[in-house]
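A structural model of the following input is requested.
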Amino acid sequence: MPLNYSKWDQLELSDDSDIEGHPNVDKKSLIRWKQRDIHEKREQRKQHIVHLEAQIACNNVLLPRIKDIATKLADPNASIPPTKYWSNLVEQLEKNPSRDCPPGNDPTKIEQTYDGMLLSLFTRVTQETKDKLKALSLQESEKEERLGKELATEMAKHVKQLGEMIEKDKKELVDEVAEQKKKITTDDIHEGFESRYVPPKPEPAPVPHHNAIESTVKGKKKVTEFETLNPKAAAAASTAPAPSTSHEETDDHDVELPEMTPSLLEFSQIAIGEYEKSFRFIQQHRDVYVSGASDALLVAAFEAESQGKHLYARKCIHQSLLLQYCDKLGRDGVGIFFKKMITGDKRAETVFKDDFEQTYQHLKKRVKLSQEEAAQDTDGREQIQLVAEDPSITITFNVPDGPPPEDLRLEGPGTEELDVEEVRKALQYRWEVFQQLPKDMQEALKTNVLAEVNKVLGAMDVAEAEAVVGALDSGGILNFAEGGIRDETGK
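The predicted structure follows:
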């Protein structure tokens, strides 16, 4: 097979024999001058090409507008006389010019905008036309008509000249580009094959988890989030023997529930049956196909079904099963599974759809049972109660009657070192905290009876009750022998 060496004709090579020396000039200087001349000509050609491209683009914008104006001036059936049309056009360009301009020009300078260029042309045409009419010595009745004809003639001439200029610039641009491509320069160098080692992207981290308690009662699972208030008491409680009943066995152990990541949230929104879209998403987001992702989708499906979002629950189960099937098929499971589903393998589709429906119906039953259990266990739900650390200690409440008075005075022993303004701020903060509490809690605090306060706390959710107790403590309304709240769990 013959080799083609024609590309090497574009290399610009030279040796010492190409340089005709001069007896009074050393050869090295001649070589440097030759090189500098080559580079200067290349740079000039590049700048000239850029100039031609910009000039052609600008003239292509101006030419249609000038053509339209010349046509209206030459139209004998125009509703507006040519001179009146011309005056209106010039006045509009002078008083309300557009800021549109070629790329690189300053729109704040009117002479660099398209309207500014047209205004300059119209001014020159007007002056040339008036000079012609003065030389003809016409009567006043003939000047108006002759002026319109001369304006139309001048604009038609400029249309022709601008069109010829555009064609000339295009031809010159083609020649300059061809001359530029005759030789290979450093601008033509580009990176081809790369032999350097590029390390692969690190594997994405597994799906994050959060603590939970998983209670198994007769094969049923109930998931509840918790927060440890007293780690030592919780540890003591975990080592204590669980009470036995004659009807059921309870096995409580710590588990971690996977959380939904932003990528998984977006993945779960893909419509059911959109296998190609799911496949592309997994290829573009590696953090979707990681450990715990399918479980996170199942947890999200359970929560969505509990909230009545049945369609979203089905989507989450569908996407979770996609990941499970890919994982079960081995190393190339993603490609194998989606190839079967995208090509419409009837057997694979039937198996997957049956599994999907069965899984959703099972989840639906689990949610229903969970809601029934929650309704039955309302009386035995977790509560927050205030209990004294020592039976001899009495919990009282410093309930403010109102904001601190303007004339605040500190009396009694130990008040000499207190700052009145700091005390005022503390009393004001206590009043603001009290005002933000629920109305029933405010009434219970005014009784100054611990049982009434615990009754209101017991009716609240755990999170809300914890927030209320924290506010009471921070505002100084709670009066403990020792600051804070102790959890007596396990005692």
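
Hmm, Ser291 is touching Pro206, no?
Yes - the pair Ser291 and Pro206 passes the contact test of C-beta atoms under 8 Å, sitting 4.2 Å apart. (C-beta placed from N, C-alpha, C; glycine too.)

which residues of the stretch 301-450 of the chain fall in strands?
396-397 (DSSP state E, counting those that start in this stretch).

can you pull out the helices in it?
For the stretch 301-450 of the chain, applying DSSP state H, counting those that start in this stretch gives helices covering 310-328, 333-342, 346-376, 420-436, 439-447, 450-458.

deepest of those helices, which one?
helix 310-328 (a mean of 21; mean count of other C-beta atoms under 10 Å).

what angle separates that helix from helix 346-376?
130 degrees (axes from the mean of the first three to the mean of the last three C-alpha atoms, to 10 degrees).

ok, residues contacting helix 310-328?
267-272, 278, 282, 288-289, 293-295, 297-298, 300-302, 304-305, 333-334, 337-338, 352, 355-356, 359-360, 363 (C-beta atoms under 8 Å, 6 or more residues apart in numbering).

at 6 Å instead, please
With C-beta atoms under 6 Å, 6 or more residues apart in numbering as the test, helix 310-328 has contacts from 267-268, 272, 278, 293-294, 297-298, 300-301, 304-305, 333-334, 337, 356, 359-360.

now do stretch 457-468
Counting by C-beta under 6 Å, 6+ apart, Glu382, Gln383, Ile384 sit against stretch 457-468.

need the contact list for the last one.
By C-beta under 6 Å, 6+ apart, the residues touching Ile384 are Leu457, Ala465, Glu466.

Figure out the helix or strand that the second one lives in.
Read it as Ala465. Using DSSP states H and E, Ala465 falls within helix 462-474.

Rounded mean pLDDT for that helix, please.
Helix 462-474 carries an average pLDDT of 86.

can you give me the offset of the helix or strand immediately after that helix in the chain from its chain's centre?
The element immediately downstream of helix 462-474 (helix or strand, assigned by DSSP H and E) is strand 478-479. From the chain centre to the centre of strand 478-479 is a distance of 48 Å (C-alpha atoms, centre = their mean, to the nearest Å).

what does stretch 282-289 give?
The answer for stretch 282-289 is 18 Å, by C-alpha atoms, centre = their mean.

If you count neighbours, what's buried in that stretch?
Residues Ile282, His285, Asp287, Val288, Tyr289 are the ones in stretch 282-289 that count as buried (16 or more other C-beta atoms under 10 Å).

what's the closest non-adjacent residue to the second one?
The one in question is His285. Ser263 (4.6 Å; C-beta to C-beta, 6 or more residues apart in numbering).

count of residues packed around that neighbour?
20 (other C-beta atoms under 10 Å).

That one: what secondary structure?
Three-state assignment for Ser263 (DSSP: H, G, I helix; E, B strand; the rest coil): helix.

got a pLDDT number for it?
pLDDT, Ser263: 88.

Just list the residues touching it, thanks.
Contacts of Ser263 by C-beta under 6 Å, 6+ apart are His285, Asp287, Val288.

pLDDT below threshold where in the stretch 351-491 of the chain?
Of all residues in the stretch 351-491 of the chain, those with pLDDT under 70 make up the ranges 375-381, 388-392, 412, 414-416, 480-491.

can you rerun that using 50?
481-491 (pLDDT under 50).

So, low pLDDT: which residues of the protein?
213-253, 481-491.

Starting from the top helix by length along the chain, tell me the next helix or strand along the chain.
Assignment by DSSP state H gives helix 27-74 as the longest helix of the chain. Next along the chain after helix 27-74, taking DSSP H and E as the criterion, comes helix 82-95.

What helices and strands are in contact with the following helix or strand past that following helix?
Sequence-wise, the next helix or strand downstream of helix 82-95 (DSSP H and E) is helix 114-136. Under the contact criterion of 3 or more C-beta pairs under 6 Å, 6 or more residues apart in numbering; DSSP states H and E, helix 114-136 touches helix 82-95, helix 140-180.

Please identify the nearest residue in space to Val177, excluding sequence neighbours.
Ile49 (6.4 Å).

Distance of the one you found relative to Arg42?
Distance, Ile49 to Arg42, using C-beta to C-beta, to the nearest Å: 11 Å.

do the same with Gly116
Taken as C-beta to C-beta, the span from Gly116 to Arg42 is 34 Å.

Tell me, how many residues neighbour Ala152?
The number of residues packed near Ala152 is 21, by other C-beta under 10 Å.

Likewise for His51?
Neighbour count for His51, taken as other C-beta under 10 Å: 13.

coming back round to it: among the helices of the stretch 301-450 of the chain, which is nearest Trp33?
Smallest distance to Trp33 across these (C-beta to C-beta): 63.0 Å, for helix 333-342.

rewinding a little: go through the contacts of stretch 457-468 and name the one nearest Glu91.
So of the contacts of stretch 457-468, ranked by how close each gets to Glu91 (C-beta to C-beta), first place is Ile384, at 80.7 Å.

Any buried residues in the helix holding Ala465, and which?
Buried residues in helix 462-474, counted by 16+ other C-beta under 10 Å: Val462, Ala465, Glu466, Val468, Val469, Ala471, Leu472, Asp473.

Could you tell me how far it lies from the centre of the chain?
37 Å.

Okay, angle between it and helix 439-447 too, please.
40 degrees.

Could you save the contacts of Ser263 as CSV and add columns showing secondary structure and distance to Lys309?
Output for the contacts of Ser263, formatted as CSV (DSSP: H, G, I helix; E, B strand; the rest coil; distance: C-beta to C-beta, whole Å):
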residue, secondary structure, distance to Lys309
His285, coil, 23
Asp287, helix, 24
Val288, helix, 21
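
can you redo those as JSON lines with distance to Ile80?
Shown next, in JSON lines, are the contacts of Ser263 (distance: C-beta to C-beta, whole Å):
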{"residue": "His285", "distance to Ile80": "64"}
{"residue": "Asp287", "distance to Ile80": "68"}
{"residue": "Val288", "distance to Ile80": "67"}
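
Among the buried residues of stretch 282-289, give me the pair with the biggest separation.
That would be Ile282 and Asp287, which, of the buried residues of stretch 282-289, are the farthest apart (C-beta to C-beta) at 10.0 Å.

Figure out which of the helices and strands packed on helix 114-136 is closest to Lys109.
Per C-beta to C-beta, nearest to Lys109 of the helices and strands packed on helix 114-136: helix 82-95, 14.7 Å.

List the buried residues in that closest one.
Quick answer for helix 82-95 (16+ other C-beta under 10 Å): Pro82, Thr83, Tyr85, Trp86, Leu89, Val90, Leu93.
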